[in-house]
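Chemist: Below are the sequence and a predicted model for it; my questions follow.
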Amino acid sequence: MITWRAGVVVSLGATWPGAAEVTVELEAPVGTATAGDTVRALAFPSLVGSPEIGDRVLLNVSALARGLGTGGYALVIALPDRTPADPPEGPGHLVKARYTPLQAMVLGVDDQESPHHEVLRDADDLDGLPVVVADLHSALPAIVAGARFAAESHGRRPPRVAYVMTDGGALPAWFSRTVAGLRSAGWIDACVTTGQSFGGDLEAVTVHTGLLAARHVVGADLVVVAQGPGNLGTGTRWGFSGVAAGEAVNAAATLGGRPVASLRVSGADERERHLGVSHHSLTAYGRVALASADVVVPLLEGDLGARVRAQAAPLAERHRLVEVPVDAGLLAALAATPVRLSTMGRSLDQDPTAFIAAAVAGVYAAGL
């Protein structure tokens, strides 16, 4: 069920492509906040218009009220006293976030009205393009950092990277400051939103067409596939949105790509099922992925390294295990990323292994 609240915008905050942060004074209590308290809220101007100080706003505070991981934001649903202007007429008939009040109509890269339709109509091959698949959105900058580090170490130009975003987490790509920061820094060349997700540089109907667009439209040297921010999980073997990582491996292999599986690893998670290699990776790659992938296993030291290798070993029944040394300069390369590194609320300093494991997948893929 949806929890609604109204309020008034009292200040404007940070903005990034597709998103605007505002502070809203509540008219009624929600969670631990009382009437008159302020909350951070996020608006997507393309959907609801651009809030200004003094505007009344209608908020969806469902996740905020439950203390869930929305980044601490309420979400602006509407400016009831000042609706946005209609968008200019243009091509495109793909509807995403379908049959929700804020469904968006977009021009798909493979749409009949798209200038790329002819290229993609019969496209069926990725020509061996490396496709790095990850469970969590937080792996994206680390994978790209690893690929760039490997290229620089060998005197090559940085790879041209496309990020294919699945719809397991946030649907609007605009929610991700990581994508905005990586795009601004030139670390990724395009974001392709697939399925019900939207707001990327290119829109695609499926992961398959998103991958083909990355190859034939973006001209990517390397693709990273991961869900948007906001991993959903229920603490069960199958009830987590990252299960789609296994399906992404299948898609990449079916289209003639080179799937590279990035393991979700932690040296700091207090939950046994996520310490070392997460059970999510073992399920997605060990049970869901029917096609073979290169599973990148970081060569870590000590007990944690031994644990990771032992946990990954059963994946060799279906995949190729690739053990990759952790270069001494990789941690510094991760620290130099243009966006903040954070996974499950932990920083690079708090859980370096999580980012190193993702980075070595980028290192390996950059050499293919």
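Modeler: Structure's in. What do you need?

Chemist: ranges for the helices of the stretch 251-368 of the chain?
Modeler: Using DSSP state H, counting those that start in this stretch, the helices of the stretch 251-368 of the chain run over residues 279-283, 302-312, 330-335, 352-366.

Chemist: Which strands or helices does the lowest-mean-pLDDT helix or strand in the chain pack on?
Modeler: Within the chain, no helix or strand scores below helix 62-66, which has a mean of 80 by mean pLDDT, DSSP states H and E. On a contact count with 3 or more CB pairs under 8 Å, 6 or more residues apart in numbering; DSSP states H and E, helix 62-66 meets no helix or strand. Any C-beta I mention is one placed from the backbone N, CA and C, and that applies to glycine too.

Chemist: Would you mark the buried spots in it?
Modeler: 62-65 (16 or more other CB atoms under 10 Å).

Chemist: These into CSV, with extra columns for distance to residue 31?
Modeler: CSV is the format used below for these (distance: CB to CB, whole Å):
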residue, distance to residue 31
62, 10
63, 10
64, 6
65, 5
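
Chemist: what does the model give residue 69 for pLDDT?
Modeler: At residue 69, the model reports a pLDDT of 58.

Chemist: for residue 268, same thing?
Modeler: pLDDT, residue 268: 80.

Chemist: quick revisit: may I see the helices of the stretch 251-368 of the chain arranged in CSV, with mean neighbour count, mean pLDDT and distance to residue 104 as well?
Modeler: As requested, these are arranged in CSV below (neighbours: other CB atoms under 10 Å; pLDDT from 0 to 100; distance: least, CB to CB, whole Å):
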stretch, mean neighbour count, mean pLDDT, distance to residue 104
helix 279-283, 21, 92, 29
helix 302-312, 16, 95, 39
helix 330-335, 17, 97, 34
helix 352-366, 28, 97, 30
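
Chemist: Rebuild those as CSV, extending it with distance to residue 20.
Modeler: Below are the helices of the stretch 251-368 of the chain laid out as CSV (distance: least, CB to CB, whole Å):
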stretch, distance to residue 20
helix 279-283, 33
helix 302-312, 41
helix 330-335, 29
helix 352-366, 29
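
Chemist: hang on, isn't residue 330 packed against residue 357?
Modeler: No: Residue 330 lies out of contact with residue 357 (CB atoms under 8 Å); the separation is 10.7 Å.
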